[in-house]
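# what follows is a predicted protein model with its sequence.
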Amino acid sequence: MHCGKYIKSQTVKLCIVVLHIDGIRSPLASRCYSHAKVETDEEFDARWVTYFSKPDIDAWELKKGMNTLIGYDLVPEPKILDSALRACRRLNDLASAIRILEAVKDKSGPHKDIYPYLIQELQPTLIELGISTPEDLGMDKL
Amino acid sequence: MDNRARGYNITLQLHKDLHILTILTAFLMLATRALSLVGKRAISTSICVRGGHGVAKVDDYALPAYFDRRENPLPDVQFVTELSAVQKSLKEKEKGSWATLSNEEKIALYRISFKQSFAEMNEGTKEWKSVIAGMFFFIGMTGLVVLWQRKFVYGPVPPTFESEWKEKEVQRMLDMRINPVEGFSAKWDYENKEWKK
């Protein structure tokens, strides 16, 4: 809290007082940012893994979850996708599993190195569940 | 109306409501009992029959629809709604291990649920060619119109455009020393009577 060091003014002294009263480590100027707790990446991932890990997940929940996840400005981590693919297995829905893989490839956009990484990470799961990638089936071509 | 009369009216209304409610609940209980034989669906729809107008027809557009969109990878419904016998047996096989399914079967399962793959839905059209062709065509048409105008609409150009006139004009401008510092006459070499190189 160096704000009083170079400038001796009433408002700055007030600034220091405000910070101490707050008790939180807020930025130097007391700006009007929300005080809501920001979810960390790990928390986000954990939440979604838990969502798809529900043992009796139903088809609607899978669709809703997947569509929502694709709506976010990110490519889901392999562990979330793993959880989603296992949910597809519980629902006996191979088509959705393949669709999910297509969707994340599409989601990566111009970053062509994300999808191969995801497939590499998911390879054990894909083999275990017997899911073919769209490339294996020739569905990535027209 | 005085307060007491209003009070009586209110209680009378409440009584009436209560009567109606009890009669209705009794009717509903009877109705649901009777219709439990017909099936669960019928109960919810038959409640509408009370109005005497029958059950509302559910239009196609009001039901969840299938659509291929990048941002909605898993649509609300399957693409194929009525499965053939082959497809039904495939769906049964899907309940087992997926490793036993052949590639064709996997593709068939995909096609039951989805109409177009991502590759197909993202495929561009060849529309841009028609657009460029149309652009050139209309620019060409405009060109023809302009040429026709020049020939048939516009009159002759004034005499000031003739080369003879122009030569005299340039000579006059040089004699007048138009823009002698940096412009027109500055580029003329008066000694050698030619344009400066």
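That came through, no problem. Residues are numbered from 1 along each chain as shown, chains lettered A, B, ... in the order given.
# please make it C-alpha for all contacts and neighbour counts, starting now.
OK.
# got a pLDDT number for residue B:31?
We note a pLDDT of 53 for residue B:31 in this prediction.
# swap in residue B:38?
For residue B:38, the pLDDT comes out at 46.
# residues in contact with the residue at minimal distance from the centre of chain B?
Ranked by distance to the mean C-alpha position of chain B (C-alpha atoms, centre = their mean), the top residue is residue B:69 at 12.3 Å. Going by C-alpha atoms under 8 Å, 6 or more residues apart in numbering or on different chains, residue B:69 touches residue B:121.
# so does stretch B:90-99 get close to chain A?
Yes. Interface with chain A: stretch B:90-99 contributes B:94-99 (C-alpha under 8 Å from any C-alpha of the partner chain).
# can you list the buried residues in that stretch?
Residues of stretch B:90-99 classed as buried by neighbour count (16 or more other C-alpha atoms under 10 Å in any protein chain shown): B:90-91, B:94, B:98-99.
# got the phi and psi for the residue nearest to the centre of chain B?
For residue B:69, the backbone dihedrals (degrees, to the nearest 10) come out as phi -140, psi 150.
# hey, what's it bridged with?
Beta bridges link residue B:69 to residue B:72, judged by DSSP bridges.
# which parts of chain A sit against chain B?
Near chain B, when you scan chain A using C-alpha under 8 Å from any C-alpha, you find A:60, A:63, A:66-67, A:70-71, A:92-96, A:98-100, A:102-103, A:106, A:129-131, A:137, A:139-142.
# helix or strand for residue B:53, which one?
Of the helices and strands defined by DSSP states H and E, none includes residue B:53.
# mind checking pLDDT for it?
Note for residue B:53: predicted pLDDT of 80.
# what's the burial count for residue A:85?
Number of residues near residue A:85 (other C-alpha atoms under 10 Å in any protein chain shown) recorded here: 27.
# give me the element it is part of.
Taking DSSP H and E as the definition, residue A:85 sits inside helix A:78-90.
# and that helix, what does it pack onto?
Helices and strands touching helix A:78-90, by 3 or more C-alpha pairs under 8 Å, 6 or more residues apart in numbering or on different chains; DSSP states H and E, are helix A:41-53, helix A:59-71, helix A:94-108, helix A:114-129.
# what helices and strands are in contact with the last one?
With contacts defined as 3+ C-alpha pairs under 8 Å, 6+ apart, the packing partners of helix A:114-129 are helix A:78-90, helix A:94-108.
# okay, these in TSV with distance to residue A:116 and mean pLDDT next?
Formatted as TSV, the helices and strands packed on helix A:114-129 follow (distance: least, C-alpha to C-alpha, whole Å; pLDDT from 0 to 100):
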stretch	distance to residue A:116	mean pLDDT
helix A:78-90	11	97
helix A:94-108	9	97
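# what residues does chain B put near chain A?
Chain B comes close to chain A at residues B:70-76, B:94-100, B:103, B:106-107, B:109-111, B:113-114, B:117-120, as judged by C-alpha under 8 Å from any C-alpha.
# next, count neighbours for residue 137.
In the absence of a named chain, chain A is used. Each residue near residue A:137 was counted by other C-alpha under 10 Å, and the total is 15.
# oops, wrong one, chain B.
Neighbour count for residue B:137, taken as other C-alpha under 10 Å: 12.
# who's in contact with residue A:98?
Residue A:98 sits next to A:131-134, B:110 when contact means C-alpha under 8 Å, 6+ apart.
# out of those residues, which are inside helices?
Assigned to helices by DSSP state H, the following of the contacts of residue A:98 qualify: residue B:110.
# now the contacts of residue A:98 as CSV including pLDDT, distance to residue B:186 and neighbour count?
Formatted as CSV, the contacts of residue A:98 follow (pLDDT from 0 to 100; distance: C-alpha to C-alpha, whole Å; neighbours: other C-alpha atoms under 10 Å in any protein chain shown):
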residue, pLDDT, distance to residue B:186, neighbour count
A:131, 96, 83, 23
A:132, 95, 80, 22
A:133, 96, 77, 19
A:134, 96, 74, 21
B:110, 96, 80, 23
